[in-house]
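J.: Next comes the sequence, and after it the predicted model I'd like to discuss.
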Amino acid sequence: KVPSRGGAPELFIPIVPEEDVDFHQIILLPNSDSLLMAAHYQETVSAGRESTMAIELFRGGERSVVELPDRFHDTALVGYLQNRLILMQMGETDRQLWGLPFDPSAARLTDGEPELLNSDLDFALVASNGTLAYMPQVEVPKVVAKIDETGQETSRYGESQDLLQFPALSPDGSRLATVVDLLELWVHDLERDTRTRLIQDEDFIVDPQWTADGRTLYYSLGNHSILRRIRADPGAEAETLDLNAYRSFLAPDGSGLLVNRGGFQLQESGGFHWFPLDEKGELGEGREILAGFQISGRLSPNSQLLAYRRADGGQPEAYLTTFPDTDQTLQLSSGGAGTPRWSRDGTTVYYQARGHLVEVEVGIDVNGRLRASPEKPLFNIQQAGLARGGWDVTSDGFLFVKVLETDVEPEMVVRQNALARPLAD
């Protein structure tokens, strides 16, 4: 809590490290002495529940769970409006806005049927005066494109899709892995132009990475902090390797994995760890390389250098260190940076910073010391029409998800006294 006229912040609702991950969608109720919020729980607390999230009411220093019907477990809290709890239900193909009769003084739902307010929404907000603002859902076609160092498109891969993320090209350049609709991992055989859905997983997939032989993909499940791998063959089944891997990065030669511990678990073992992989693909005993949370990075092709991003409680920056001893470190960025990637020859590090893709030439000088050139901006990512959601480096450019031009313009709809008549009107 922060005074409106300025001043020091005051801790209002503490996190319980053994139970909580974080809080979302903080809503101040009209009486000003209560809050609604979405509480994100640890996996151990959520055992047996439909979701790791729950809506809670906070009043007088106490937290209480708002019990919802089973069909509303996978929902996002939007707000409180005219004695209704406003929820966004996440469907496979659309998002629906619902109003549930709610008594904030008792912190429970009241008699009355839930009311479907609208569907096909992308985002919604409510105000205490009865105003509702929302954005209708609009499909934005995207395609994987190869981009040169000036930001110009040189080629495209596959057909356009809406929810397309994390392109990853196999080492021999013959197959392209992508994440579609958040939960699905696909492989496109570029030579034969065939597409295979490897898996539809239980949570959103991030960071798909190929092994050196191009036979297997490693990936992480976002909210669940699970590390998995799957053969890039039709009908293959995913194998779980670790249950506390917020983000994971495979060494180029397949000798091991860099794992960000504790991203959601908030354990004392949090940090960036190295886990060797034996010839059978079994994980060996891990050791901490870097202490702290929110660390992500990749090894150079020869595994002698590590380029990484860390926040240290403030703005995330990019760094370079020696591996495996980490006895020398250089800060590469100043003003913020994303997770770095390496050129195929190991002489250059790339990362996103201040809206641009930038490059830094790196290496070890004749005296055995780390060296790095100043940042060189290559192109503006937004101006090049490129989307967020993962990218890759090829031998002759970069792979990005590109947003295609469309005649449909996104709009914001604002309704005063929103529940006085059907939103469809």
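T.: Right, received. Where do you want to start? Residues are numbered from 1 along each chain as shown.

J.: Now do the same contact list for Pro252.
T.: Residues near Pro252 by C-beta atoms under 8 Å, 6 or more residues apart in numbering: 212, 299-301, 303, 342. In this view, the C-beta of every residue, glycine as well, is placed from N, C-alpha and C.

J.: rerun at 7 Å
T.: Contacts for Pro252 were tallied using C-beta atoms under 7 Å, 6 or more residues apart in numbering; they are 212, 299, 301, 303.

J.: where does it land in three-state SS?
T.: Going by DSSP: H, G, I helix; E, B strand; the rest coil, the secondary structure assigned to Pro252 is coil.

J.: Make sure I have this right: Leu419 is in a helix.
T.: Yes. Assessed with three-state DSSP, Leu419 lies in a helix.

J.: Report how many residues lie close to it.
T.: 18 (other C-beta atoms under 10 Å).

J.: can you pull the contacts of it?
T.: Each residue near Leu419 by C-beta under 7 Å, 6+ apart is listed here: 81-82, 84, 99.

J.: pLDDT-wise, what's the bottom of those residues?
T.: Minimum pLDDT for those is recorded at Gln82 (82).

J.: about what we covered before: could you flag which of the contacts of Leu419 are buried?
T.: Among these, those scoring as buried are 81, 84, 99 (criterion: 16 or more other C-beta atoms under 10 Å).

J.: most neighbours, which of the contacts of Pro252?
T.: Leu299 leads those on contacts (other C-beta under 10 Å) with 25 neighbours.

J.: Correct me if wrong: that one contacts Leu306.
T.: Yes. When contacts are counted by C-beta atoms under 7 Å, Leu299 is listed as touching Leu306 (5.6 Å).

J.: Output the contacts of Leu419 as TSV; include the columns distance to Ala168 and secondary structure.
T.: Formatted as TSV, the contacts of Leu419 follow (distance: C-beta to C-beta, whole Å; DSSP: H, G, I helix; E, B strand; the rest coil):
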residue	distance to Ala168	secondary structure
Leu81	43	strand
Gln82	47	coil
Arg84	44	strand
Gly99	42	strand
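
J.: where do the contact lists of Leu299 and Leu306 overlap?
T.: Shared contacts of Leu299 and Leu306 (C-beta under 7 Å, 6+ apart): Phe323.

J.: Turn the buried ones among the contacts of Leu419 into a markdown table, including distance to Leu57.
T.: Shown next, in a markdown table, are the buried ones among the contacts of Leu419 (distance: C-beta to C-beta, whole Å):
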| residue | distance to Leu57 |
| --- | --- |
| Leu81 | 16 |
| Arg84 | 15 |
| Gly99 | 17 |
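
J.: out of those residues, which one sits closest to Arg71?
T.: Within the buried ones among the contacts of Leu419, the smallest distance to Arg71 is 14.5 Å, found for Gly99 (C-beta to C-beta).

J.: Please, which helix or strand holds Asp345?
T.: Using DSSP states H and E, Asp345 sits within no helix or strand.

J.: so of the contacts of Pro252, which ones are in strands?
T.: Here DSSP state E is the test, and the contacts of Pro252 give Leu299 as lying in strands.

J.: Nearest to Val66 among the contacts of Pro252?
T.: Sorting the contacts of Pro252 by how near they are to Val66, with C-beta to C-beta, puts Leu299 at the top with 46.0 Å.

J.: And the closest one, how far from Trp274?
T.: According to C-beta to C-beta, to the nearest Å, Leu299 and Trp274 sit 9 Å apart.

J.: what's the overlap in contacts for these two?
T.: Leu258.

J.: that older thread, quick one: which of the contacts of Leu419 is nearest to Ile381?
T.: Nearest to Ile381 among the contacts of Leu419, counting by C-beta to C-beta, is Leu81 at 37.0 Å.

J.: List phi and psi for the nearest residue to the closest one once chain neighbours are set aside.
T.: Leaving aside its chain neighbours, Leu81 sits nearest to Val126 (4.6 Å; criterion: C-beta to C-beta, 6 or more residues apart in numbering). Dihedral angles of Val126 (phi, psi; degrees, to the nearest 10) stand at phi -130, psi 150.

J.: May I have stretch 349-368 exported as CSV, CA atoms only?
T.: The C-alpha coordinates for stretch 349-368 follow below in CSV (Å, rounded to 0.1, in the frame of the first residue of the first chain):
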residue,chain,number,x,y,z
VAL,A,349,25.6,-12.6,-28.4
TYR,A,350,22.2,-11.3,-29.3
TYR,A,351,19.4,-10.1,-27.0
GLN,A,352,16.4,-7.7,-27.0
ALA,A,353,16.9,-4.4,-25.4
ARG,A,354,14.9,-1.1,-25.4
GLY,A,355,12.7,-2.4,-28.2
HIS,A,356,15.6,-3.4,-30.5
LEU,A,357,17.5,-6.6,-31.3
VAL,A,358,21.1,-5.8,-30.4
GLU,A,359,24.4,-7.7,-30.9
VAL,A,360,27.6,-7.8,-28.8
GLU,A,361,30.8,-9.4,-30.1
VAL,A,362,32.4,-11.5,-27.3
GLY,A,363,35.3,-13.8,-26.6
ILE,A,364,38.5,-14.2,-24.7
ASP,A,365,41.6,-12.1,-25.4
VAL,A,366,45.2,-13.2,-25.6
ASN,A,367,45.6,-12.7,-21.9
GLY,A,368,42.7,-15.0,-21.1
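
J.: Can you show me the strands along the stretch 1-150 of the chain?
T.: 20-28, 34-41, 53-59, 62-65, 75-81, 84-90, 95-103, 108-109, 115-118, 121-126, 132-136, 142-147 (DSSP state E, counting those that start in this stretch).

J.: Redo those strands as TSV? Include distance to Arg229.
T.: Shown next, in TSV, are the strands of the stretch 1-150 of the chain (distance: least, C-beta to C-beta, whole Å):
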stretch	distance to Arg229
strand 20-28	25
strand 34-41	26
strand 53-59	27
strand 62-65	36
strand 75-81	31
strand 84-90	27
strand 95-103	32
strand 108-109	43
strand 115-118	41
strand 121-126	33
strand 132-136	37
strand 142-147	22
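
J.: quick revisit: and the contacts of Leu419, which two are the farthest apart?
T.: The distance between the two most remote of these (C-beta to C-beta) is 8.2 Å, for Gln82 and Gly99.

J.: For Thr131, list the residues it contacts.
T.: So Thr131 contacts 414-416, 418 (C-beta under 7 Å, 6+ apart).

J.: List the ones among those that fall in strands.
T.: Going by DSSP E, the strands hold 414-415 from the contacts of Thr131.

J.: now, among the contacts of Thr131, which is nearest to Glu18?
T.: Ala418 (40.1 Å).
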